Every structure is written in structure tokens, then in C-alpha cells.
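>>> Here is a sequence with its predicted model. Questions after.
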Amino acid sequence: MLTSTSIRPFPTRATPRSSRFIQRVIKPWLLLLPLLFFNVVVILAPSLGTIYYAFTDWSGLGDAQWTGLANFQRLLGDTIFWRAFGNNLIWCILFLTVPIGMALLGASLLANIRRGQTFFRVLYFAPYVIASVVVTALWRNIFNPSMGIGVQLAKLGLLWADIKFLGDSNIVLYSVAFIDNWHWWGFLLVIYFAAMQSVDYSLYEHARLEGANRWQEFIHITLPGIRPTLVFTLLITVIFSFLAFEYVWLLTQGGPANASEMLSTMAYKSAFRRFEAGYAAAIGLTTSVICLVFGTLFVALRRRGWEI
């Protein structure tokens with residue numbers, strides 16, 4: 001009869017050091033190689049090319065002529081650039097306030113609904129998944145100066161409502177921002193709602209026992225509880241505000257009279273309409289630096305111990 005003491009394990013042969021090196025180092029890199037290749041081709045190479053061409057006079061075809069800081073000097077004296085930069089700042093301020101405020105309010109109200117939460121979440125999120133081309137076509141018809149909502153309200157006696165939303169240089173930027181916000185705020189609402197579900201409910205119970213009202217619960221419990229999510233959405237909102245392109249281009253292409261011009265639409269026109277690819281690269285590089293500053297600030301605050 002065999003006992004546990006009589007059974008001896010088979011001796012195992014030590015794995016050679018070279019084999020362990022292949023398994024732990026070489027093999028993982030080989031598996032990542034296809035992904036790294038596409039990242040280099042699609043992201044790194046164009047990025048390095050943009051940095052180089054930003055310092056050249058290049059039409060997009062042929063050889064580029066090195067001009068140093070000439071493109072950036074031209075930017076500083078370009079009134080359209082400063083108009084576009086100002087529009088991006090206005091856009092950023094609008095999207096840091098209106099959609100985020102609406103999303104926080106909507107998520108707080110939705111958190112108190114016990115039945116039908118899924119329906120409301122789908123309802124609010126639906127505009128975000130609709131293609132931007134479809135959204136802009138829909139709102140272009142709604143704001144149509146000859147048969148849109150303004151004309152129809154004017155026929156009912158509300159003459160003040162006959163506004164050229166996409167044709168008036170004073171309000172066109174806000175009109176485009178309204179359309180973009182229509183699809184963006186529901187996305188933020190779903191994110192904030194999911195974050196609120198992770199807040200410890202016992203904190204609200206203790207606050208109510210202490211006599212706290214709904215506003216105090218929101219300020220002292222909800223906001224601190226979703227702070228990492230809130231700060232992250234603030235960061236991506238700032239970055240997306242300086243990269244805004246599709247809704248502006250599809251609706252106004254930066255017009256009328258550059259009233260809704262953005263840095264992205266200005267770069268597009270410079271590259272593909274005036275064939276000033278070097279100047280467009282300088283605009284793109286400037287935009288990237290602005291976004292990099294905000295991203296670096298976010299990382300620096302995290303390293304200093306901020307819970308974001």
C-alpha cells in the first residue's frame with residue numbers, strides 16, 4: 001500500500017534563463033507589435049510630421065521649405081486666428097456651465113425615480129448616439145430662415161421669434177453650441193447618474209437625521225462623492241471645446257463672416273482651401289499645446305494628492 005511518504009514527485013528541470021527571458025519579455029512585445037505598429041503609423045508619425053511642417057512653408061504637395069517661426073509670427077498677427085481662439089474660449093465656457101449644470105440637475109432628479117430609470121436613461125442618451133450629420137440636418141431644418149420654427153412662430157403672432165439663428169453673426173455661435181449641447185448633455189447625465197449610484201446611501205440617511213435639506217445633501221455628499229468623475233468630465237470638456245469641429249463645420253463652416261470660426265475650421269480651410277498646409281499645421285500644433293497644458297495640469301493635481 002502506497003503512502004504519502006512513499007510517493008516522490010518527479011524531478012523538474014529548471015527552465016533556462018534564455019527561455020524565461022523570451023516568455024516574460026520578448027513574447028509580450030511580439031503580441032503588442034501589431035498594435036504598436038498601427039499606433040506609430042496612425043498617431044505618432046502624423047504627430048511628428050505636424051510638428052515639422054508647422055515650421056515650414058508647405059502647400060501639401062512637393063517639398064516643404066523651412067521657415068522657422070514664421071507661421072507662428074503670422075498667427076500672432078492674424079485677426080481671424082484671434083477671433084477663432086476667442087470663439088473657442090466662449091465655447092469652452094458655455095460647455096463648462098450649461099451642459100454640466102443640466103446633467104448634474106437631471107442626474108440628481110433621476111436618482112430619486114424608482115420606476116422607469118432605464119427608460120429615462122435611454123431617452124437622454126439617445127441624442128448622443130445619433131450621427132452628427134443627422135443631428136445637424138434635423139436642426140438645420142428647424143432653424144431654416146424661410147420655413148423653420150422662427151417663421152412658424154412669427155405666423156402665430158410672435159414676430160420677435162423670427163430669428164436667423166444660423167445667419168445672424170451675433171447669435172450663430174450660441175445657436176451651434178445649443179445644437180451641440182442638445183446631444184452632449186445627455187451623455188454627461190448618464191455618466192453622473194452612474195457615479196451617483198456608487199455614493200454610500202447611508203450618508204444621505206445620516207444627513208436627513210441631522211436635518212439636512214436636498215441642496216445640502218447635494219453640496220456636501222453628492223458632489224464630493226462624484227468628484228473624480230466630475231473633474232474628469234471637466235477636463236474632457238475643455239479638451240473637446242478646443243477640438244470642436246464637426247457641428248460647426250456641418251452647420252456654418254465658420255460663418256457668417258467668421259462669427260463661428262474655430263481653430264479647427266480655420267486649420268481645415270488653410271490646409272484644403274488655401275493649400276497652406278504648413279500654416280494649418282502651426283494652428284493644429286498650437287491647439288494641441290493648449291490641450292496639453294490642461295492635461296498636464298490634471299496630472300499635476302493628481303500627483304499632488306488631489307482626489308481627481
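Arrived safely, thanks for sending. The structure displayed is predicted, hence computed values, not measured ones.

>>> Now do the strands in the chain.
Under the criterion DSSP state E, the chain contains strands at 56-57, 65-66.

>>> Could you single out the most deeply buried of these?
Ranked by mean neighbour count, the strands of the chain are led by strand 56-57 with a mean of 17 (mean count of other Cβ atoms under 10 Å). Any C-beta I mention is one placed from the backbone N, CA and C, and that applies to glycine too.

>>> Okay, now the sheet partners of it, with direction.
If you go by DSSP bridges, strand 56-57 pairs up with strand 65-66 (antiparallel).

>>> closest one to Arg114 among the strands of the chain?
Proximity to Arg114, assessed across the strands of the chain by Cβ to Cβ, is greatest for strand 56-57 (61.9 Å).

>>> Now do the closest one: everything it contacts.
64-67, 70-71, 278, 281 (Cβ atoms under 8 Å, 6 or more residues apart in numbering).

>>> starting at the chain centroid, how far to it?
30 Å (Cα atoms, centre = their mean, to the nearest Å).

>>> now for this protein, which residue lies nearest the mean position of the chain?
For the chain, the residue nearest the mean C-alpha position is Phe240 (3.4 Å; Cα atoms, centre = their mean).

>>> ok now do the residue nearest to that residue when sequence neighbours are not counted, which residues does it touch?
Leaving aside its chain neighbours, Phe240 sits nearest to Phe95 (7.6 Å; criterion: Cβ to Cβ, 6 or more residues apart in numbering). By Cβ under 8 Å, 6+ apart, Phe95 lies in contact with 177, 180-181, 184, 237, 240-241.

>>> Now do Pro11, the pLDDT please.
Per-residue pLDDT puts Pro11 at 51.

>>> I meant Phe245, not that one.
93.

>>> burial count for it?
Residue neighbour count, defined by other Cβ atoms under 10 Å, stands at 15 for Phe245.

>>> measure the residue lying closest to Ile113 once chain neighbours are set aside to Leu230 for me?
What sits nearest to Ile113 in space, not counting adjacent residues and going by Cβ to Cβ, 6+ apart, is Phe120, at 6.8 Å. According to Cβ to Cβ, to the nearest Å, Phe120 and Leu230 sit 21 Å apart.
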